[in-house]
Structures are given as structure tokens and as C-alpha cells.
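Engineer: I need the structure of the sequence given here:
(one chain, ligands or ions: 1)
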Amino acid sequence: MKNIRNFSIIAHIDHGKSTLADRILDITGLVSVRERREQFLDKLELERERGITIKAQSVRIPYKAADGKDYILNLIDTPGHVDFSYEVSRSLSACEGALLVVDATQGVEAQTLANVYLALENNLEIIPVLNKIDLPSSDVPRIKKEIEEIIGLDCSNALEVSAKTGQNVDQVLERIVELVPPPQGDDNAPLKALIFDSWYDTYQGVVVLFRILEGSIRQGQKVMMFSNKRAFEVQSLGVFSPEALAVKSLGAGDVGFMTASIKDLTDARVGDTITTADRPTPQPFPGFKKIKPMVFCGLYPTEPSEYEPLKASLEKLQLNDSAFTFEPETSQALGFGFRCGFLGLLHMEIIQERLEREFEANLIATAPSVVYKLETVKGEEVYIDNPSKLPDPTKIKTFFEPYVRMDVHVPGDYVGGVLKLCEEKRGIQKDMRYLSTNRVIITYELPFAEIVFDFFDKLKSLTRGYASMDYEVIDYRASDMVKLDILINGDPVDAMATIVHRENTARIGRQLALRLKRAIPRQLFEVVVQAAIGNKIIARERNAPLRKNVTAKCYGGDISRKRKLLEKQKEGKKRMKKMGNIEIPQEAFLAALKAD
Ligand code: GTP
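Structural biologist: This next block holds a predicted model:
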């Protein structure tokens, strides 16, 4: 049996995962990842020349335990958000155990719970660790009780630590050695290694992080990806400790990285199995799936000249994020742009933010849409990620929309508000558990489309930030959905078409028309905004023509003021999109599409 322990840390944001990891590295004599990252930033270029960028926090920790034996502890990092639950589940399945870190001043949060379930599904040994006991507001007995009630995990021996001061962190290491089962697996069996992370390095190509379940892997060896049977020669093989250390070979139970002149991230997908062509494993690691984007939106440059640079930026982003997709799209209203697909809302936000930062140009993003499923009258199954691609209603037999199952953790005072919000969003209540007056878990099934817009913002504001939530897409359900068109002076604005539930058409139609009317600056002629379902107009708003000259306000002919005003107008123009003879500011699209 090898003296290896593979574990990860499950924690809610800010509960102290990184601090605990750093402290563990400190007491085992390794440079902390944070410190290293700082150093890394200082000498970025040098580092690049020397080798491999370190993205993941996965790290190999040599440790001499109290029993006098030498162990290798592999800490495997997990991404922190619900959108990446597939990656989290793959990282967890590379481990035999997990530390469940809970802030002893806070308690268990929705997302922690979701990750604990993933760990339990993977049969991991879970070790509860109560953190931040140095803080006077920590309440260890209450949090222990909470973990026992919510998760059903015995906490009588739970570790009580301060990752900040280092108090009792040594016990964490001993507990890992004691409780986390050593990996099983035969070094001489056919190679079977699970990819749990991969990223693109400019100089090395794709770097693959893997856990060997069976067999071994050597430098120079030919390996094969199970899913697409593509073969690669292992160029460099190593472990992060935390700097990259080259090794000649790795065996069953080991965690390591390789580079193999892999150019494309899609050849090293998370969840895929690495094996060899001449002696393939009979059975790949189960559960591999190509993750599919669930939320789509259009991204358009405001100037046609920005199309190519935007394309280059999207390509660059995709290099490191195979879950992000894009393809060219043309809109009558917005011109040439891209239809982009994301795992979820957070993923979308992250990418939009990055683009804005790196690309430094104005972008118009259309309202996000989920992926609908249709059964046509001909009996075909069609997936629709763009409302403007919806076929004629007479060709649709049944409309299906994706549903999510959502857990909201909330203090008792806010239960009423949360229930009301979920009901408004066509939710079906599934469960409600009072753990204490201070903590209630509410479970709902809701249409994904209903939470795509502004559910989180609303939830946060109505609970003053106290709610935490987690969701996963569960299935498709038949639903009475229709396409809602928005027309400006009789012309449909394709970028503003949305799919809505029939019950909501009147309300949303009115809202969109009114908001768009308000967002469009008045013109020298009349502007009529309408909402329509098919040929039926369900809402109408009108902007009367503008009579006054814009500069008329500048009494007294103060030329500098006049110039300022005109310049301001010019500035405004940059962000405008011409639609027929009407200029629409980019903000108008989003403003109009945000529900109340
Ligand atoms: P993300 O990186 O955002 O996922 O958060 P995290 O879970 O890694 O938390 P992190 O380690 O960054 O800690 C969050 C904050 O809590 C930081 O300000 C830490 O200094 C603080 N913190 C962590 N552990 C302790 C502790 O034991 N005691 C006290 N007082 N503060 C702590």
C-alpha cells in the first residue's frame, strides 16, 4: 500500500480554504501558493521562459506523520462555483477524502452543501473542520449541530482550527493520514488516468493535470485520450510541489501533470481518461461528458471595425475555456456579432467582464437565453438557443423548457419574501426545512429562464445579502411558451425577441415596450414601440417627435457651452446603434430587457 493521501477542500467562499491551504504548506515547509503566486507575478516573463504556468492550486505535500512514516499528501483544488459543478465533481473523484471547512462564525452555505453531496456521491471520506475559532464570534457548538443536522455528519470529533493563527492545523494533517483511505490500484495494470484539469500554456501547449487510477505513465511514452482515440507523446511529466518538478514516471494513486504537444484544449477535456493505444484500459473512468453551454447571448461590437479584434479576443478566451462557445451571428438590428454560449450566469459574467477589460471596446450584449427544446409536428427534436431562430409556431408541436432545482439557505425572517419571489417565478415548492429560527433551507423547482435575468440580484436585495443559493438543471418540461417580438416603427428588432411563458406575455410585453420607449432618445419624428405575439400587438408605446433644437438650451450663445454639449452628444453617439432611421443607445437594449 502506498503512503499517498489524495484530498480536496470543500468550503464556501471566504470560509478560509486558501488560508488553510497556505498554512498546511507552511507547516510542511513548502512555499505557500499565495506567496508563490506573488513571486510569480513579479517574474512573469522569466517564469514563462522557464516552464509551465501554475493555474491550479493542486499541490503535492511531503509529510512526516506522527507515526514516523513519510507520506505524500496531494491537495487537489476544486473550482469555486456552481456553474462549474462538473469540474468540481471530477476533481473530487480524483480524491479519496475531503476537508469540509466551515467558518465557525457563519455556518453551512448552500454551495457547500451542493459540493458535499458531490463528495458523498464519489464516496469520499469527509472530515469536518471548523475554522476561525480565534474569532470571538465563533460558535463551535452551534455550527457542529448545524453540520450534523444539515449534512448528517458526526461532528463529535470535528477539528477546531484557526487557519489564520495556525492553531490545530497540525491535527488536520494527522487526521488526513488517519482517515483518508490510501489509493488502490495496480501499477502494472493498463493505464487509466482521470483528467481533472487542463489549461493552455503559450509555450508548452496544453498542460494536463491527472490522477492515475491504474497503471503508470512515463516520460516519452505514447498515450491516448479515451474519448477521441487521439495519441500524444508525453513530453514532460511532473508534479507541482508547488513549483513544477520533473519526474520520470508516475504510478497508480499519483497526481501529476503532463505536456504532450497538445494544441487544442478539446483534446484534453476534463473528465476524459488517459490510456495507451497498445494496451488500453477496458473501462474508462465513468461519467465523462462534454459539457454543454446552458445560457446563450449575442455579443456585438458597436463599430463594425471592432468585429475582427473581438473575434480574436473570443478565440483567445476559448483557448483556455473549452466550456465557452461562440459562432458568428448576424442581426438586422446590431449587425455582425457572435452568439456565445456559457455554462451559467456566473460564467457569462466572468467572460463579459474579461472581454470588457481586455478588449476595451464597447460591446452590446443581448438578453441571455436558455436552451429550449422543441418537438416539431414532424416529430423532430430541435434545440433552440436563440429566440430569433424559433420556427413558425404552426410547426411546433410541443415546447419544452429547462427546469432547475434550487436550494436557498436563508434566515427565518426572510422566508416570506423568498417564497413570494419563487412563486412569482413560476416555482414549485419542494421542501422547506427549519434548522433553527436563524436558518431555513427552501427547495424549489423553477424554470431556468426565470432565474436567468435578475433572480440573484432580487434574492440578494430582499434578504440583504443573507441568502445563499445553489441550483442545477434537472430536466426539460412541456411549457406554454411563445415568442415575443418588439417592433420599432413597425420593424421587428431581432435582437430583442424573447421567449416568454404565455401567462407573462402581457406584463412583459408592456414592460419591454415602455422601457425601450424610455430608453430611446426622442427623435425629430414619432417613434412607436410595440410588443407583439405573431401578428397580435399586445402593447404600444409612443415617443412624440422632438420639436426643440438641442442647442436651444444654450441661451446667450455661449459658444464653449454649446461646443461642450455637442461634444457630449458626439460621445453619446459612439455607443449608439442605428436601426433604420433611429439611433438606439446600447444601454437601451439591456435596460429594456431587464425585468422589474
Ligand atoms: P476564496 O478564495 O474567495 O474562495 O475564499 P477562501 O475560502 O479561500 O477564503 P480565504 O482563505 O481567502 O479567507 C477569507 C478571509 O478569512 C481572509 O480575509 C482570511 O484572512 C480570513 N480567515 C481565514 N481563516 C481565518 C481564521 O482562522 N481566522 C480568522 N480570523 N480569519 C480567517
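Engineer: which stretches of the stretch 51-200 of the chain have low pLDDT?
Structural biologist: Counting by pLDDT under 70, the stretch 51-200 of the chain contains low-confidence ranges at 51-57, 80-82.
Engineer: And for the chain?
Structural biologist: Flagging of the chain using pLDDT under 70 yields the residue ranges 1, 31-57, 80-82, 359, 361, 453, 547-596.
Engineer: Tell me the residues of it that contact the ligand?
Structural biologist: 11, 13-19, 80, 131-132, 134-135, 162-164 (C-beta under 6 Å from any ligand atom). Heads up, the C-betas are built off the backbone N, CA and C, glycines and all.
Engineer: Most neighbours out of those residues, which is it?
Structural biologist: Of all the residues of the chain next to the ligand, residue 131 has the most neighbours under the rule other C-beta atoms under 10 Å, reaching 30 neighbours.
Engineer: Buried residues, the helix or strand harbouring residue 145. List them.
Structural biologist: Element membership of residue 145 [criterion: DSSP states H and E] is helix 140-151. Judged by neighbour count using 16 or more other C-beta atoms under 10 Å, the buried positions of helix 140-151 are 143-144, 146-147, 150-151.
Engineer: Who are the packing partners of the helix or strand that it is followed by?
Structural biologist: As assigned by DSSP H and E, the chain's next helix or strand after helix 140-151 is strand 159-160. Other elements packing on strand 159-160 under the criterion 3 or more C-beta pairs under 8 Å, 6 or more residues apart in numbering; DSSP states H and E are strand 125-131, helix 169-179.
Engineer: Can you show me the CA trace of the helix or strand just after the longest one as PDB?
Structural biologist: Just to be clear, that refers to helix 169-179. Per DSSP H and E, the first helix or strand lying C-terminal to helix 169-179 is strand 192-201. Output in PDB follows, covering the C-alpha atoms of strand 192-201 (Å, rounded to 0.1, in the frame of the first residue of the first chain):
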ATOM      1  CA  LYS A 192      -6.200   4.600 -16.600                       C
ATOM      2  CA  ALA A 193      -5.800   8.200 -15.600                       C
ATOM      3  CA  LEU A 194      -8.500  10.800 -15.000                       C
ATOM      4  CA  ILE A 195      -8.100  14.300 -16.300                       C
ATOM      5  CA  PHE A 196      -9.400  16.700 -13.700                       C
ATOM      6  CA  ASP A 197      -8.000  20.000 -15.000                       C
ATOM      7  CA  SER A 198      -6.300  21.300 -18.200                       C
ATOM      8  CA  TRP A 199      -5.200  24.700 -19.400                       C
ATOM      9  CA  TYR A 200      -3.400  26.300 -22.200                       C
ATOM     10  CA  ASP A 201       0.100  27.500 -21.800                       C
END
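Engineer: Strand 192-201 - contacts with which helices or strands?
Structural biologist: Using 3+ C-beta pairs under 8 Å, 6+ apart, strand 192-201 sits against helix 85-93, strand 205-214, strand 273-275.
Engineer: Partner strands of that strand, with direction?
Structural biologist: Neighbouring strands of strand 192-201 in its sheet, by DSSP bridges, are strand 205-214 (antiparallel), strand 273-275 (antiparallel).
Engineer: Can you tell me what sits against that strand?
Structural biologist: By C-beta atoms under 8 Å, 6 or more residues apart in numbering, the residues outside strand 192-201 that reach it are 52-53, 55-56, 58, 76-77, 87, 90-91, 93-94, 206-215, 217, 259, 265, 268-275, 281, 283-285, 319-320.
Engineer: between that strand and helix 85-93, how many degrees?
Structural biologist: 130 degrees (axes from the mean of the first three to the mean of the last three C-alpha atoms, to 10 degrees).
Engineer: Now the one helix or strand residue 311 maps to: buried residues?
Structural biologist: Element membership for residue 311, per DSSP H and E: helix 307-319. By neighbour count on 16+ other C-beta under 10 Å, the buried set for helix 307-319 is 307, 310-311, 313-314, 317-319.
Engineer: of the contacts of strand 192-201, buried ones?
Structural biologist: Among the contacts of strand 192-201, those classed as buried by 16+ other C-beta under 10 Å are 52-53, 55-56, 58, 76-77, 87, 90-91, 93-94, 206-215, 217, 259, 265, 268-275, 281, 284-285, 319.
Engineer: how far away is the residue of the stretch 301-450 of the chain found nearest the ligand from residue 196?
Structural biologist: As assessed by C-beta to the nearest ligand atom, the ligand sits closest to residue 346 within the stretch 301-450 of the chain, at 13.2 Å. Distance of residue 346 to residue 196, computed by C-beta to C-beta, to the nearest Å: 20 Å.
Engineer: between the two, who's got more neighbours?
Structural biologist: Each of residue 346 and residue 196 has its neighbours counted (other C-beta under 10 Å); residue 196 has more, 29 against 16.
Engineer: Mark out where each domain of this structure begins and ends.
Structural biologist: Annotated domains of the chain cover 4-179, 192-276, 298-319+327-366, 373-479, 483-593 [the TED database].
Engineer: ok, back up a step: assign the residue of the stretch 301-450 of the chain closest to the ligand to helix, strand or coil.
Structural biologist: Of the three states, residue 346 takes helix under DSSP: H, G, I helix; E, B strand; the rest coil.
Engineer: Point out the most buried one among the helices and strands packed on strand 159-160.
Structural biologist: strand 125-131 (a mean of 23; mean count of other C-beta atoms under 10 Å).
Engineer: Name the residues of the longest strand belonging to the chain that come out as buried.
Structural biologist: If you go by DSSP state E, the chain has its longest strand at strand 396-410. For strand 396-410, the neighbour count (16+ other C-beta under 10 Å) marks 396, 399-410 as buried.
Engineer: And stretch 59-67, by the same measure?
Structural biologist: In stretch 59-67, residues buried by neighbour count (16+ other C-beta under 10 Å) are 59-61, 63, 65.
Engineer: hmm, back to that, mind giving me the packing neighbours of the longest strand of the chain?
Structural biologist: Judged by 3+ C-beta pairs under 8 Å, 6+ apart, strand 396-410 is in contact with helix 110-121, strand 372-376, helix 415-424, strand 439-447, helix 448-452, strand 468-478.
Engineer: most packed of the ones you listed?
Structural biologist: The most buried one of those (mean count of other C-beta under 10 Å) is helix 448-452, showing a mean of 24.
Engineer: what comes up buried for the helix or strand just after that helix?
Structural biologist: Next along the chain after helix 448-452, taking DSSP H and E as the criterion, comes helix 455-462. By 16+ other C-beta under 10 Å, the buried positions in helix 455-462 come out as 455, 458-459, 462.
Engineer: For the ligand, state which of those residues is nearest.
Structural biologist: In terms of C-beta to the nearest ligand atom, no member of those lies closer to the ligand than residue 459, at 19.9 Å.
Engineer: Settle this for me: the residue of the stretch 301-450 of the chain closest to the ligand is touching residue 83, isn't it.
Structural biologist: Yes: Residue 346 lies in contact with residue 83 (C-beta atoms under 8 Å); the separation is 4.9 Å.
Engineer: which two from the residues of the chain next to the ligand end up farthest apart in space?
Structural biologist: 80 and 134 (23.7 Å; C-beta to C-beta).
Engineer: could you measure the residue of the stretch 451-596 of the chain found nearest the ligand against residue 63, distance?
Structural biologist: Nearest residue of the stretch 451-596 of the chain to the ligand (C-beta to the nearest ligand atom) works out as residue 468 at 13.3 Å. With the distance defined as C-beta to C-beta, residue 468 ends up 33 Å from residue 63.
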